[in-house]
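Asker: Got a predicted model here, sequence first, then my questions.
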2 protein chains.
Amino acid sequence: MAELVIDRKKQIRQAAQNMFRSKGYGASSMRDLAKEVGIEAASLYNHVSNKEEILKDICFQIADEFFESIKDIEQTKGKAKQKLEKAIENHVMVIAKNIDASSVFFHEWKHLSEPDLTEFKQLRKQYEKSFLSLIEEGITQKQFRDANVKIAVFTIFSALNATYDLYKPNGKLTAKTIAKELSNIIINGLK
Amino acid sequence: MAELVIDRKKQIRQAAQNMFRSKGYGASSMRDLAKEVGIEAASLYNHVSNKEEILKDICFQIADEFFESIKDIEQTKGKAKQKLEKAIENHVMVIAKNIDASSVFFHEWKHLSEPDLTEFKQLRKQYEKSFLSLIEEGITQKQFRDANVKIAVFTIFSALNATYDLYKPNGKLTAKTIAKELSNIIINGLK
DNA sequence: CCTACCGATCGGTAGG
DNA sequence: CCTACCGATCGGTAGG
């Protein structure tokens, strides 16, 4: 019994990720979502308390995964360049493993309401700060040129976030290939 | 009289750009839009035939501006590197002059219905092709390393498209500064 | 440009 | 998990 409920929730979650990504949160109705899952709209509410909760779960779970992916890097001793390379690779991997969900994370978070909205923005800022620090470290260590750090961070993230458009699970480009080429372009771009 | 109508239409267009950007197309109602303009919802239909027409106008006008911005470059003789630099700068300038509209162009086009949707995608592909050619030209001319062209193009566009998040009309960063630093990172990244 | 209104659809609940 | 339903809001129209 318990397993069936859990499976249903996963099923709802997956259908929602896919629908939010392709149609956007606002244009995705609970009725369409229910149809995708194969139940009635009212039955969704046995598994989620409302529509926004689904969005919230997606956004914050991906945020968790991003944080998890750089947890070890910050403590490592080593050159900023290598650390940034590793951080980029890990970031791309998180996206590749969660293509639909990460697309929602990047574009649909603005439909969160308070206080989640503010918390989400803070988490994102905090995560970006790790990359900012790595770049500053790299400039201090003379591995990078004296670039505008703010622009550099924005460039990195927007480039990385193209991954979910570039990576197709059954396509020719592997996540590793994308990660390598992306970090290549970025690291060289900062030299 | 005619001027009043034109002004009203511009006013609607501007309010729509702003609202579509901040709330998304689906979450923007004609009633909210009317309130922003200071008229009743029904009165909007004296200036636009429906909601989607507003979106369509925004998307295709920005597409026009992007094409216009590279029109001269393709015919110029010169090094691919310089041409790409110029194309990047022009692209950033278009975004900077149309921050709200270009944000809508990048994120809300998916709410267009056929046949506009297909036409829009084709236009975008065609525009991207110009950049792809410039990169290939640069590789042939040995100004760029033998990068994965597809990934490179994606990286360029996603980096460039961060401009509308980075550029604030009254902020410290000028469009020129952003354009220069961005083309710096990208051009170096391809070496 | 407005008042008055339409049919459709929305997120969500009651009650079983 | 379903049927039946709620109040609210949607895009859009008629008619002036």
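Answerer: Looks like it arrived, so ask away.
Asker: now residue A:36: how far from chain B?
Answerer: 18 Å (Cβ to the nearest Cβ, to the nearest Å). The way it works is simple: take the backbone N, C-alpha and C, and place the C-beta from them, glycine included.
Asker: Same question for residue A:49.
Answerer: Between residue A:49 and chain B the computed distance is 21 Å (Cβ to the nearest Cβ).
Asker: Give me the neighbour count for that residue.
Answerer: Applying other Cβ atoms under 10 Å in any protein chain shown, we find 10 residues neighbouring residue A:49.
Asker: try the one 10 residues further on
Answerer: Here the neighbour count serves as a burial measure; for residue A:59 (other Cβ under 10 Å) it reads 25.
Asker: quick one: it and residue A:104 touch, right?
Answerer: Yes. Under the criterion of Cβ atoms under 8 Å, residue A:59 makes contact with residue A:104 at 7.0 Å.
Asker: mind checking the SS state of residue A:145?
Answerer: Following DSSP: H, G, I helix; E, B strand; the rest coil, the label given to residue A:145 is coil.
Asker: Which pLDDT value goes with it?
Answerer: pLDDT, residue A:145: 91.
Asker: same check, this time on residue A:3
Answerer: Among the per-residue scores, residue A:3 shows a pLDDT of 51.
Asker: doesn't residue B:166 make contact with residue A:154?
Answerer: Yes. Applying Cβ under 8 Å, one finds residue A:154 in contact with residue B:166, separated by 5.1 Å.
Asker: which other residues reach the helix or strand residue A:132 falls within?
Answerer: Here residue A:132 is covered by helix A:116-140, with elements defined by DSSP states H and E. Helix A:116-140 has contacts (Cβ atoms under 8 Å, 6 or more residues apart in numbering or on different chains) with A:56, A:59-60, A:63, A:66-67, A:70, A:73-74, A:79-81, A:83-84, A:87, A:109-110, A:112, A:144-147, A:149-150, A:152-153, A:156-157, A:190.
Asker: before we move on, the earlier item: for residue A:154 and residue B:166, indicate the residue with more neighbours.
Answerer: Shown here are residue A:154 and residue B:166; by other Cβ under 10 Å, residue B:166 has more neighbours (24 against 20).
Asker: mind checking how far that one is from DNA strand D?
Answerer: Separation of residue B:166 from DNA strand D (Cβ to the nearest atom of the strand, to the nearest Å) stands at 30 Å.
Asker: Could I get the contacting residues of that residue?
Answerer: With contact set as Cβ under 8 Å, 6+ apart, residue B:166 has these partners: A:150-151, A:154, B:173, B:178.
Asker: which residues sit against the following helix or strand past the helix holding residue A:132?
Answerer: Per DSSP H and E, the first helix or strand lying C-terminal to helix A:116-140 is helix A:149-160. If you take Cβ under 8 Å, 6+ apart as the criterion, helix A:149-160 is touched by A:88, A:91-92, A:95, A:128, A:131-132, A:135-136, A:139, A:182, A:185-186, A:189-190, B:155, B:158-159, B:161-162, B:165-166, B:173, B:177-178, B:181-182, B:185.
Asker: Residue A:68 sits in which helix or strand?
Answerer: Under the criterion of DSSP H and E, residue A:68 resides in helix A:51-75.
Asker: May I see the buried residues of that helix?
Answerer: Along helix A:51-75, these residues count as buried under the neighbour rule (16 or more other Cβ atoms under 10 Å in any protein chain shown): A:51, A:54-60, A:62-63, A:65-66, A:69-70, A:73.
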